[in-house]
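A.B. asks: no sequence for this one, just the structure:
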């Protein structure tokens with residue numbers, strides 16, 4: 001199984017990096033082919049230029065590589081912090097440039113203009129790991145948990161990925177080393193369960 005891991009956090013020593021590395025090591029240990037993309041480390045440009053908007057646009061090499069990898073993936077893992085109820089801008093820009101019509105989804109011909117999408121990704125399962133400095137109860141009660149809607153409904157289901165799991169680890173800013181180790185172990189168990197060998 002090919003699993004694509006997309007990581008978006010600027011600090012290489014962050015819990016997010018630990019989660020992504022743990023997921024990658026676990027999946028590789030199970031015999032999966034893993035492609036880990038650290039968007040900050042590779043300098044991914046999140047700005048979508050006007051020339052890339054048309055479906056037939058020629059894409060820069062790096063963007064084209066990301067498009068190819070996400071299309072080939074049998075499973076997807078996304079790792080990022082919750083910033084203002086949103087992914088970091090670099091990841092939002094990755095969605096703008098990589099989750100393209102004609103690549104990840106298309107609109108049904110003759111749909112009357114309302115934009116009924118048909119997903120093109122072959123991956124049917126994805127997991128999103130978030131870190132947060134807001135208590136989960138407050139995130140849901142006060143903010144409505146916008147990341148749940150963004151990933152499950154606005155991105156993955158539109159692209160045909162129907163089995164979407166999300167786990168938020170927090171509150172990170174007051175967590176102990178022991179707590180972080182527990183979270184990493186939980187991330188390990190989640191990817192092992194969701195992407196079983198063979």
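C.D. replies: Received the coordinates, thanks. Since the structure is predicted, the reported quantities are computational estimates derived from the model, not experimental observations.
A.B. asks: contacts and neighbour counts: CA atoms only from here.
C.D. replies: Noted.
A.B. asks: now do the same contact list for the residue most central in space within the chain.
C.D. replies: The residue lying closest to the centre of the chain (C-alpha atoms, centre = their mean) is residue 78, at 2.7 Å. Contacts for residue 78 (C-alpha atoms under 8 Å, 6 or more residues apart in numbering) come out as 5-7, 126-129.
A.B. asks: helix or strand right after the lowest-mean-pLDDT helix or strand in the chain?
C.D. replies: Across the helices and strands of the chain, mean confidence by mean pLDDT, DSSP states H and E is lowest for helix 136-138: a mean of 71. Downstream of helix 136-138, the first helix or strand assigned by DSSP states H and E is helix 146-148.
A.B. asks: show residues contacting that following helix.
C.D. replies: Under C-alpha under 8 Å, 6+ apart, the answer for helix 146-148 is 82, 85-87, 166.
A.B. asks: can you rerun that using 7 Å?
C.D. replies: 85-86 (C-alpha atoms under 7 Å, 6 or more residues apart in numbering).
A.B. asks: quick one: average pLDDT of the helix or strand following that helix?
C.D. replies: Counting by DSSP H and E, the element after helix 146-148 in chain order, helix or strand, is strand 163-170. Taken as a whole, strand 163-170 carries a mean pLDDT of 97.
A.B. asks: re the thing from before, just the contacts of residue 78: which are in helices?
C.D. replies: Among these, no member falls in helices (criterion: DSSP state H).
A.B. asks: farthest-apart pair in those residues, please.
C.D. replies: 7 and 126 (13.6 Å; C-alpha to C-alpha).
A.B. asks: quickly find the element holding residue 94.
C.D. replies: Short version, using DSSP H and E: residue 94 is in helix 89-98.
A.B. asks: confirm for me that residue 168 is in contact with residue 128.
C.D. replies: No. Using C-alpha atoms under 7 Å as the test, residue 168 is too far from residue 128 to be in contact (8.3 Å).
A.B. asks: quick one: contacts for the closest residue to residue 66 other than its chain neighbours?
C.D. replies: Spatial nearest neighbour of residue 66, excluding adjacent residues (C-alpha to C-alpha, 6 or more residues apart in numbering): residue 98 at 6.5 Å. Shown in contact with residue 98 (C-alpha under 7 Å, 6+ apart): 63, 66-67.
A.B. asks: now tabulate those in CSV and tack on secondary structure and distance to residue 23.
C.D. replies: Output for the contacts of residue 98, formatted as CSV (DSSP: H, G, I helix; E, B strand; the rest coil; distance: C-alpha to C-alpha, whole Å):
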residue, secondary structure, distance to residue 23
63, helix, 23
66, helix, 19
67, helix, 21
